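Asks: with the input below, show me the fold.
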Amino acid sequence: MKSPFDDFKRKKDYLICIDSDGCVMDTMDIKHIRCFGPRMVDEWHLDEWRGDILKRWNEISLYTMTRGINRFKGLAIALAEINKKYVDIQDIELFSDWVSKAPELSNRAVEKMYKETGTEIFNKALSWSISVNNSIKVLPQEKKKPFEGAAEGLRAAGRVADVAVVSSANRDAVEEEWELYHLLEHVDILLCQDAGSKAHCIEELRKKGYAPDHVLMVGDAPGDRQAAIENGVYYYPILARREKESWTEAPAAFSKLVQGEYQPYGQKKEREFLDNLGGK
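Replies: Here you go, the predicted structure:
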């Protein structure tokens with residue numbers, strides 16, 4: 001079976017890997033604020049506490065160190081808190097335990113668990129997830145735009161390095177959004193959900209001959225930083241709620257990478273990233 005890495009050839013000495021949702025594309029907030037949280041309230045009939053629950057969903061998914069968490073892990077955290085604070089959520093312990101151990105967290109995996117166990121929480125989680133996907137599909141296209149400064153940042157990256165999109169999002173969605181705004185012309189390889197984890201993608205790209213201190217991962221979530229750490233490469237954060245500022249600074253960061261001056265600067269940026277999400 002052909003690998004997405006087979007046809008990629010290193011053209012420059014440096015590599016900049018860039019996430020999509022919440023990093024280049026301003027799509028994360030709208031998906032959670034308009035789709036994920038509200039559909040959970042609807043599915044579990046939580047309207048009595050809608051305001052507080054939606055605020056907490058956004059904290060879990062967007063503004064703390066669990067930013068970018070898998071949807072079913074986020075759901076398990078939110079429902080466990082709702083079970084303690086507001087109303088009984090039947091079989092939440094079973095669902096949380098499954099989420100913590102399952103090798104795959106997807107609609108397919110949730111549907112399989114429901115068929116095997118007949119436990120209603122899996123049926124509801126699947127119904128919620130499908131409803132979320134349907135809600136996302138009908139979001140106005142004009143609401144799914146790149147962050148201000150992102151296109152300029154991509155151009156700056158392409159001047160000094162090979163550029164790889166490394167995203168855990170659906171390939172079709174990423175292609176559609178990036179093509180609409182003519183962003184793919186700045187990209188050398190597009191790696192999405194179907195290419196494997198972000199850590200795996202960086203590892204495979206490094207095999208093309210990039211030195212670890214010549215590779216930079218640009219992302220907005222702890223998972224992006226962790227993928228960089230696992231591969232011993234640098235990380236540049238796009239800070240939540242400070243995206244324009246982060247992209248304005250990005251070309252200077254890319255210059256530091258190729259000038260061999262990134263390490264102390266990168267440590268400073270990582271501290272900013274952790275502080276921004278309340279991490280340590």
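Asks: next, the buried residues of stretch 119-134.
Replies: Within stretch 119-134, the residues that qualify as buried by neighbour count (16 or more other Cβ atoms under 10 Å) are Thr119, Ile121, Phe122, Asn123, Lys124, Ala125, Leu126, Trp128, Ser129, Ser131, Val132. For every residue, glycine as well, the C-beta is placed using N, CA and C.
Asks: need the contact partners of that stretch.
Replies: The contact list for stretch 119-134 (Cβ atoms under 8 Å, 6 or more residues apart in numbering) reads 31, 35-36, 39-40, 42-44, 71-72, 75, 89-92, 94-95, 98, 107, 110-111, 113-114.
Asks: quick one: Thr66 and Leu75 touch, right?
Replies: No - shown here, Thr66 and Leu75 do not form a contact pair, counting by Cβ atoms under 8 Å, at 11.8 Å.
Asks: who has more neighbours out of the two?
Replies: For Thr66 versus Leu75, the count of surrounding residues by other Cβ atoms under 10 Å is larger for Leu75: 30 against 19.
Asks: now do the contacts for the more buried one.
Replies: When contacts are taken as Cβ under 8 Å, 6+ apart, Leu75 is in contact with Met40, Val99, Ala125, Trp128.
Asks: any chance of these in CSV, with secondary structure too?
Replies: Putting the contacts of Leu75 into CSV (DSSP: H, G, I helix; E, B strand; the rest coil) gives the following:
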residue, secondary structure
Met40, helix
Val99, helix
Ala125, helix
Trp128, helix
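Asks: got any ranges where the stretch 51-200 of the chain has weak pLDDT?
Replies: Along the stretch 51-200 of the chain, segments meeting pLDDT under 70 are nowhere present.
Asks: mind listing the helices for it?
Replies: 71-85, 92-101, 107-117, 120-137, 150-160, 171-180, 198-206 (DSSP state H, counting those that start in this stretch).
Asks: tally of neighbours for Leu277?
Replies: Counted by other Cβ under 10 Å, the residues lying close to Leu277 total 18.
Asks: contacting residues for it?
Replies: For Leu277, the contacting residues are Tyr63, Thr64, Met65, Arg67, Pro222, Ala240, taking Cβ under 8 Å, 6+ apart as the criterion.
Asks: of those, which is the most crowded?
Replies: Going by other Cβ under 10 Å, Arg67 tops the contacts of Leu277 with 23 neighbours.
Asks: which residues are in contact with the residue lying closest to it once chain neighbours are set aside?
Replies: With sequence-adjacent residues excluded and distances taken as Cβ to Cβ, 6 or more residues apart in numbering, Arg67 is closest to Ala221, at 4.6 Å. By Cβ under 8 Å, 6+ apart, Ala221 lies in contact with Asp19, Gly22, Arg67, Gly68.
Asks: where's the third one relative to Arg242, distance?
Replies: Pointing back at Arg67 there. Remark: distance between Arg67 and Arg242 (Cβ to Cβ, to the nearest Å) = 13 Å.
Asks: same deal with the last one?
Replies: For Gly68, the distance to Arg242 (Cβ to Cβ) stands at 16 Å.
Asks: same question for His186.
Replies: If you go by Cβ to Cβ, the gap between His186 and Arg242 works out to 22 Å.
Asks: which of those two has more neighbours?
Replies: Here His186 and Arg242 are set side by side on neighbour count (other Cβ under 10 Å), and the busier one is His186, at 21 against 14.
Asks: correct me, but that one touches Ala164?
Replies: No - with contacts counted by Cβ under 8 Å, His186 stays clear of Ala164, the gap being 11.1 Å.
Asks: got the contact list for stretch 188-196?
Replies: Contact with stretch 188-196 is made by 4-5, 8, 11, 20, 158, 162-171, 174-175, 178, 184, 201, 204-205, as judged by Cβ under 8 Å, 6+ apart.
Asks: alpha carbons of that stretch, as PDB, please.
Replies: Extracted C-alpha coordinates of stretch 188-196, given in PDB (Å, rounded to 0.1, in the frame of the first residue of the first chain):
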ATOM      1  CA  ASP A 188       4.700  20.900  -0.200                       C
ATOM      2  CA  ILE A 189       2.900  18.000   1.400                       C
ATOM      3  CA  LEU A 190      -0.600  17.700   3.000                       C
ATOM      4  CA  LEU A 191      -0.800  15.100   5.800                       C
ATOM      5  CA  CYS A 192      -4.200  14.700   7.600                       C
ATOM      6  CA  GLN A 193      -6.000  12.100   9.700                       C
ATOM      7  CA  ASP A 194      -5.400   9.300   7.200                       C
ATOM      8  CA  ALA A 195      -1.600   9.700   7.400                       C
ATOM      9  CA  GLY A 196      -1.400   8.800  11.100                       C
END
